[in-house]
Structure formats: structure tokens, C-alpha cells
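# Next input, structure requested:
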Amino acid sequence: MSKKVKYTPMIEQYLKIKEDYADALVFFRLGDFYELFFDDAIIASKVLEIALTKRSAGEDIPMCGVPHHAVNPYLEKLINKGFKVAIVEQTTPPGQGLVEREVVKVISPGQVIDDGILNERKNNYIAAISLGEIGYMLAYIDISTGESYLVKGLEKKEVKDLVLTLEIKEVVLSSEYDLDLINFLKDSQVIINYYSNLDLLNNKLVNDLDIESKRLASLLINYLNEMQKTPLVHLMPFSVRFKDEVVRVDYLVKRHLEIFESNTFNPKTTLIYWLDKTSTAMGSRMLRYWLNHPIRNQAKLEERYEHIEAFSNLRLQEEIKEILRYIYDINRIVARISTSN
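I've put the predicted structure just below:
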């Protein structure tokens, strides 16, 4: 019978943290580097194409690391490959004894706030799904901008279509209640998080929602607050969308029409390439949202046409474009400030 290895106190500290974040790569702060150990090191060294070394810690264990001041390119590569990363920082100053450490945030494909990792012209959504009395409900949030939406009364096919259309990266579920849906999410390479905190919130984000909608929205917000280790005070109240407010164009039709994605990997064949002449990232994201949700309401359509007509003056267009050159991505700046990123 093999003898149990007695690891060093620091590695024991790492293993204790890793137990709570088994589905994430743990970036463990050690001086000027984030170090990864054991299987995390083996995986990260291959994906990031960095050297895999060893550390003596009661026995030799696999190790690799990246400099903390240049971590974003490495995080971006891991996020784009679908990995979840738990960032562990030193929470007490170096001195005698073991430095205390704890997870300060989790970064995953649907939970990115850091500048330089996100596509500035696209939203980045994480969602929660549940089955209610009148059909499926989908709540989704972009934590990098604070935008929060909820759609209810959906058929399962419509839920699947929205997941693909909105390019939702992660989904939070309270249980494994629908194996068909779960298999679809896995096949679509959407990260599934099971979360059981069903405490109802009572704040401005959810107070205008009915009880079923509030339950789903609370599930998603509670999960995000726990993962980010801080209340996300920049989130906006949920905007409820009804499926009959928009023209339904399913994902495969959009693919066939090359509205956002090129079938030949040439962006110039897409509609968005020729339409998106916006001057700001916020405008570009709004245009994408409008194209994904073509409205039926005649009054709202006529209002948009009036706005377009008002900007038909070329001189006015140029003056406004010049002003917009100096407008930063306010929503994402606010998100980074509120989360100390």
C-alpha cells in the first residue's frame, strides 16, 4: 500500500482551494507569478505552449507559471478555449509563516470583465434557464456591460435557438431537469454550471418581475455574485422581452443569410460588415442586438425611421461622428470600476 504524501503547507493550501474549484484552472499567486500545479499545470502548459517544470513539495509535482503583470494574453487564450480560471491572490503581506491566499474572482467564457479579452463590438452573455408554467424562461446578463434581459413563454426549440443566436457562453441550471437540453448545451460547447442557491433577491434588479421570473433572475445574480466575490452593483434591472414583440428568424436562417457569420470565412460576405459603420463599441453592440431582434411594432419602427431621416444631413453626420470619436465604452468602464478590475 502506497504511503500518503505529506505535501508542503503551501501546496496543502493550494489543494484546499482546488477542492472548491475543481472545474477551474487555479492561478495561484506566488510572488510575481501565477503558478499552476498538478493536472492544471499539464493542461495549461499544453494550451498556452509554455514550459512544464517540476516543484519539490514533499514529492516532485508538475508546475508551470505566467507573470502576473502580463497575465491577460494567457487568460484570453484559455477563455477562448472554453476554460474556467479561478484567480487566487495573496491576501496578507509576506512575512513569517504561510501567506494567506483566497480566490478573488472566477473568469470564464461568460464571466469576462477584463479589458483586452473581450470583443468590444459583441456582447458576452451568461444565462440561466428554467421551465415555468407557460414554458421555458431564459435570463441572460452581460456582466461586462451590466445589460440584463429575460424572455419567457418559450418553447424548447426557441431556447436552443436563442442560445446559439446570442452566442451564450455559459448557462446556470438549478438541477439536471432536462437531459435533452443539457445534451444540446454540451454539444454546443456551452459551459453548464449547477447552482443551488435559490434565495430570492429583493432589490431594483428584480422587483418589477413576477415571482417565477424573479426566481430565475435571482439564481443567475446569486451565482455571479458568488463567483465574482463581490456584488455586481453595475448590473441594470432586467428588461423583460416577449417573443411576440419581434420577428422570429431562427439561427440556421441567419447562418444561411450570412447576417453575422460568413459561410466562407470571409467577413465581407456578411450583412453586419456592410451595415456596421458605427463610431463606438456601444453602438456596434446595439446594432447587433437590433439585427438579432427585428421588431414588429409599427410605432417603434416609424420612430426609428424618423431618427434616420433626422441624420440624413451629411454635415450633421460628420459633426456627430467627430464628437463620437472621443466617446469611450462607458458601460464596460463602469463595470471594471465597480468590480475593481
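# distance of the closest residue to Pro109 other than its chain neighbours from Tyr289?
In space, and not counting its chain neighbours, Pro109 is closest to Lys169: 3.7 Å by CB to CB, 6 or more residues apart in numbering. Every residue, glycine included, has its C-beta placed from N, CA and C. From Lys169 across to Tyr289, the span is 17 Å (CB to CB, to the nearest Å).
# Show me how the record splits the chain into domains.
9-107, 126-244, 251-331 (automatic domain parsing).
# For Lys169 and Tyr289, indicate the residue with more neighbours.
Comparing Lys169 with Tyr289 by other CB atoms under 10 Å, the one with more neighbours is Lys169, at 20 against 13.
# Now for the residue nearest to Gln189 when sequence neighbours are not counted: which residues touch it?
Excluding its sequence neighbours, the residue lying closest to Gln189 (CB to CB, 6+ apart) is Gly82, at 6.1 Å. Applying CB atoms under 8 Å, 6 or more residues apart in numbering, we find Gly82 in contact with 109, 189, 191.
# Could you confirm Gly82 falls within a strand?
No - counting by DSSP: H, G, I helix; E, B strand; the rest coil, Gly82 is not part of a strand but coil.
# So for it, what's the pLDDT?
Gly82 carries a pLDDT score of 91 in this model.
# same deal with Leu48?
97.
# Pull the number of nearby residues for it.
Leu48, neighbours per other CB under 10 Å, totals 17.
# That one and Ile191: what is the separation?
According to CB to CB, Leu48 stands 19 Å off from Ile191.
# picking that back up, the residue nearest to Pro109 touches Ile126, doesn't it?
Yes - using CB atoms under 8 Å, Lys169 makes contact with Ile126 at a distance of 6.4 Å.
# shared neighbours, those two?
Gly110.
# need the contact list for Asp20.
The neighbours of Asp20, taking CB under 8 Å, 6+ apart as the test, are Val103.
# Try it again at 10 Å.
If a contact means CB atoms under 10 Å, 6 or more residues apart in numbering, then Asp20 has 26, 86, 103 as its contacts.
# Let's see the pLDDT reported for it.
Confidence score, pLDDT, at Asp20: 93.
# Dihedrals phi and psi, it?
Main-chain dihedrals, Asp20, degrees, to the nearest 10: phi -80, psi -10.
# do the same with the one 5 residues further on
Summarising the backbone geometry of Leu25 under the convention degrees, to the nearest 10, its torsions are phi -80, psi 120.
# so it bridges to which residues?
Counting by DSSP bridges, Leu25 is bridged to Val85.
# That one touches Ala44, doesn't it?
Yes - counting by CB atoms under 10 Å, Leu25 does reach Ala44; the two are 5.8 Å apart.
# Which residues are in contact with each of those two?
Joint contacts of Leu25 and Ala44 (CB under 10 Å, 6+ apart) are 34, 36, 78, 83, 85.
# need those in TSV with distance to Val247 and neighbour count, can you?
Compiled in TSV, these are given as follows (distance: CB to CB, whole Å; neighbours: other CB atoms under 10 Å):
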residue	distance to Val247	neighbour count
Tyr34	47	24
Leu36	47	26
Leu78	38	22
Phe83	37	20
Val85	39	24
